[in-house]
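S.K.: no sequence on this one, just coordinates:
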C-alpha cells in the first residue's frame, strides 16, 4: 500500500519566505519536513524538525540531503538538478521534475519551448554575448535577459537605444521584443500525478519601477472575460506541455489589442499567489502540497477581492530590520501582515508582504496606497 | 522607548494544539517564541526556536522558564500561577493576569464572581464533598462540577436522580441547576492594555453526547438579533469586570424563553474559535497576540458562513494515528483540514479539526454530516 502523506518525509530545497509559507501550510497536514538552505538564519530555520545548512547547487549536498526523503520539492529553481535526477532515478519522487526545472531555469530553453509548442510569447532571438547582441539592432526596443541565474529582477535589462545595446549582458542570453502591454497578469496552475489540473483566477501585477519586482497586485485582474479565458487556457496548456507535476506560476502580458503572451514561468509557489492564503478557498502553498503528494486539488475560487503589497527593504537602510507603521497598518480593516522572519534588511530585500481584502478594486486601491506610504522597513 | 513586538520574547505555557495554532499565527509577525510543555512530543515541539520540557504546575519550572521573557501567556489554565505572579511582580508582562487565571480555574470562584457581578448564570450551590451534595436534593436535576482540574469534559457530570447524587464528586465542587436550554453558544472577546474591546460574532455549539466536548459548531449562530446583542453585551461585561487582558471565550446557554446565561469561560484561544482562521478577517489566535502585545485589535467579522468539526480519536483505537477518508474530505469544496501533529491517537483525543465554508447553514450541515461519517482517526 502507498504511504500516507503523514508517513512520508518531504525535503524542500530552499528555506526562504516561500519555504516558510509552505511549511506554515504543511503544518495543517502533519507533514514531516526537512529543509536545505545555504543560510543558517534562513526564514525556515526554527519551524521544521530538520534544518540543514548547505549549498543548493552542490551535487553531493543535494543528493545526500534528498536520499532519505520520500518526496523532494523546491522553493527556488537555482538548485543542482543532476542530483535531483539521480534521486528520481533511484525511485524518490521529485516534483517538479528535474527536467522541468532545467528547462525553466534557462530562459533561452524556456523561450524555445514556447516557440516550438505554439505557446504565444514575445518574439525573441538568442544572443551569445555582447557583440552578438550588437548585431540585432532590428530588435530595439528590446528586453535583454541572461539565460541563467536571473532572479528577482536581476539578469533583466531594457535596451531602448543603440547605446544601450553596448551594455548588453556579455553572456548567453536573449533579446526579446519589447511588448507594448496593457497589463501584466499571472495565473497559477497546478497538476498532480493523476493528471488533474486546476488554475487560480488571474491576478493583475504592478511592478516596482526600479526594483523590477512585483510591487503590488490585485485579484481578480481587471480584464475581460475572454482575456481571462485565454489566460487560463494558456496556463493549463503550458503545464500540460511541460508534463509537469507541481505548481506553476505563469506570468503573461496582455497587449493593447487583447492578445495574451507568456512572459515567463516559475515551477513553485510564487509572489503573485501570496494573497491566496487569505483570499481564496485554497492557498497556492496548500495547492503545491496537494499536487506533489497527488492529493485531489483544492478549490481555487476567490472568496473576496484582494490586493497584495510586497514589503521591500527601504532604500538607504541596511541592518537589523525595524517595521515602521506596523500598528497603523494592522488597525486597517481587512489587512493581514506577513513578515518573513529576516533579521537584516537591505534596499529592495523582500521582507514581508501585506494582504488586503476589500469589497472592490476601488476600495483596495485606496488601502494599497495607505499601506505603501505607511509601512516601511528601516534599520 | 517601548520594545517592538519583534524585539520581545514571548513565553507560552503549553505546547498543545492551541499553542501550535498560536505559533502558526505568530510566524506572520516574526515573534520570538519559547514554549514550555511536559510532553517532549507536544504539537509545538518542532516549530519554535526554543522548546522546553517541564511541568506547567511546578513553581520553579515556570518561574525559570519565564524570567528571560518580556511577555508570558498561556494556552491552558492548569499552570502555576504563583510563579506567574512573581514574574509579573518583577515587571514581566503576564497576560492573562495570574489572578484572572486563578479565578477562572476554580469553577466555584468563577461562579461566585458571576453572582457578585450580576452576570446572568444558572443557579448554583457550593458543595464540599459527596455527603454535602446529598443534602441538596432540591437542586436535582443538576450538573455537578469539580471546582478544580476539570478539562475537556472531565470533572463534569449529570445528576438526574437521587441515586445519581450518591455518585457526586467527593471533593469541593458545585451543583448547578440543569438549564433547559435551546442552544449553547460562544462569544470570543478580546481586550488589550489600552482598554480596547472587540468580540467575534456568536457561534452555535453542538456537543458530543459521550465525550462532553464540542463535536461541531456553526458560525454565525442561528439566534435572534436580540439574543446576539445580549450575548455580545455579556461577553464584553465579563472581560471588563475581570479586568482581564487577553482573549476570553465565553460559553453561554440560550434558554427556551430567550435568556442568555454564562456557562463558563476560558482565558485563551478556544475550541469554539478554530473556524476564525479561515472564516473571519482576523483569527482568534492573531487576536490573542494582538491583545497581549497591546496592538490594535483586528476586525472580527465573518467573511463567509462556516462550520467546524472536531476530529476526535475513534473509539476502540489506540496507537499511531492513521487518517481514514482524508482525501475524500479534502476533495470537498470549502473544506480545510487541520491536524495537530499528534503521533498517538486514543478514544476521544482531539487529533485535529475541519473547517467548512459554505453559502448557508443548510449547505454546511450537509458537509458536516459528510465529514463526520467520512473522516476517522484510527490506529
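M.R.: Perfect, thanks for sending it. Remember, it's a predicted structure, so these values are computed and weren't measured experimentally.

S.K.: among the helices and strands of chain A, which one scores worst on average pLDDT?
M.R.: Across the helices and strands of chain A, mean confidence by mean pLDDT, DSSP states H and E is lowest for helix A:162-165: a mean of 88.

S.K.: got the buried residues for that helix?
M.R.: A:164, A:165 (16 or more other CB atoms under 10 Å in any protein chain shown). The C-beta positions use only the backbone N, C-alpha and C, and glycine is treated the same way.

S.K.: List the neighbouring strands of the helix or strand following that helix plus their orientation.
M.R.: Going down the chain from helix A:162-165, the next helix or strand is strand A:173-177, by DSSP states H and E. Paired neighbours of strand A:173-177 in the sheet (DSSP bridges): strand A:124-127 (antiparallel), strand A:142-146 (antiparallel).

S.K.: Mean pLDDT for those strands - can I get that in TSV?
M.R.: Converted to TSV, these look like this (pLDDT from 0 to 100):
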stretch	mean pLDDT
strand A:124-127	96
strand A:142-146	93
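
S.K.: Mean neighbour count, these: which tops it?
M.R.: Comparing the strands paired with strand A:173-177 by mean neighbour count (mean count of other CB atoms under 10 Å in any protein chain shown), strand A:142-146 ranks first with a mean of 22.

S.K.: who's in contact with that one?
M.R.: With CB atoms under 8 Å, 6 or more residues apart in numbering or on different chains as the test, strand A:142-146 has contacts from A:107, A:122, A:127, A:133, A:136, A:155-159, A:168-169, A:171-178.

S.K.: now do stretch A:114-127
M.R.: Counting by CB under 8 Å, 6+ apart, A:108, A:111-113, A:133, A:136, A:139, A:143-144, A:168, A:172-179, A:234, A:237-238, A:241, A:253, A:259-263 sit against stretch A:114-127.

S.K.: mind checking the end-to-end distance for that stretch?
M.R.: Length of stretch A:114-127, first residue to last, CA to CA, to the nearest Å: 17 Å.

S.K.: do the same with stretch A:103-110
M.R.: Taking CA to CA as the measure, stretch A:103-110 stretches 6 Å from start to finish.

S.K.: Ok, stretch A:206-217 next?
M.R.: End to end - CA to CA - stretch A:206-217 spans 6 Å.

S.K.: How far off centre is stretch A:213-227?
M.R.: On the basis of CA atoms, centre = their mean, to the nearest Å, stretch A:213-227 is displaced by 16 Å from the centre of the chain it belongs to.

S.K.: ok, now stretch A:308-327?
M.R.: Using CA atoms, centre = their mean, the distance from the centre of stretch A:308-327 to the centre of the chain it belongs to is 21 Å.

S.K.: do it and chain B meet?
M.R.: Yes: against chain B, stretch A:308-327 shows contacts by CB under 8 Å from any CB of the partner chain at A:321, A:322, A:323, A:326, A:327.

S.K.: any idea how far the closest residue to the third one other than its chain neighbours lies from residue B:42?
M.R.: Think residue A:323. Ranked by CB to CB, 6 or more residues apart in numbering or on different chains and with sequence neighbours excluded, the top spatial neighbour of residue A:323 is residue A:377, at 6.1 Å. Here the criterion is CB to CB, to the nearest Å. By it, residue A:377 lies 34 Å from residue B:42.

S.K.: In the stretch 101-250 of chain A, what residue lies closest to chain B?
M.R.: Sorted by distance to chain B under CB to the nearest CB, the residues of the stretch 101-250 of chain A start with residue A:196, at 9.7 Å.

S.K.: Skipping adjacent residues, who's closest to that residue in space?
M.R.: Nearest residue to residue A:196, sequence neighbours excluded (CB to CB, 6+ apart): residue A:297, at 5.2 Å.

S.K.: Surely that neighbour is within a helix?
M.R.: No: secondary structure of residue A:297 (DSSP: H, G, I helix; E, B strand; the rest coil): coil, not part of a helix.

S.K.: residues near it, how many?
M.R.: The burial count assigned to residue A:297 is 23, neighbours taken as other CB atoms under 10 Å in any protein chain shown.

S.K.: need the contact list for it.
M.R.: A:190, A:192, A:196, A:197, A:198, A:282, A:287, A:290, A:291.

S.K.: Which ones among those residues map onto helices?
M.R.: A:287, A:290, A:291 (DSSP state H).

S.K.: restrict those to contacts with chain B.
M.R.: residue A:290.

S.K.: rewinding a little: which one (most neighbours) among the residues of stretch A:308-327 next to chain B?
M.R.: residue A:321 (25 neighbours).

S.K.: Just the pLDDT at residue A:151, thanks.
M.R.: Turning to residue A:151, the model gives it a pLDDT of 65.

S.K.: Correction: the previous question concerned residue A:138.
M.R.: 89.

S.K.: Identify the residues contacting it.
M.R.: Counted by CB under 8 Å, 6+ apart, residue A:138 has zero contacts.

S.K.: returning to what we had before: buried only: go through the contacts of stretch A:114-127 for me.
M.R.: A:108, A:111, A:113, A:133, A:136, A:139, A:143-144, A:168, A:172-177, A:179, A:234, A:237-238, A:253, A:260-263.

S.K.: Got the phi and psi for residue A:57?
M.R.: phi -100, psi 0 (degrees, to the nearest 10).

S.K.: distance of the closest residue to it other than its chain neighbours from residue A:58?
M.R.: Leaving aside its sequence neighbours, residue A:57 sits nearest to residue A:80 (CB to CB, 6+ apart; 5.2 Å). Per CB to CB, residue A:80 is found 6 Å from residue A:58.

S.K.: More neighbours: which of the two?
M.R.: residue A:80 (21 against 16).

S.K.: didn't that one look like it was pressed against residue A:65?
M.R.: No: contact criterion CB atoms under 8 Å: residue A:80 and residue A:65 do not qualify, at 10.0 Å.

S.K.: Could you report the neighbour count for residue A:336?
M.R.: Counted with other CB under 10 Å, residue A:336 comes out at 24.

S.K.: ok, the closest residue to chain B within the stretch 151-300 of chain A to residue A:242 distance?
M.R.: For the stretch 151-300 of chain A and chain B, the shortest gap (CB to the nearest CB) falls at residue A:296, measuring 3.6 Å. Separation of residue A:296 from residue A:242 (CB to CB) stands at 21 Å.
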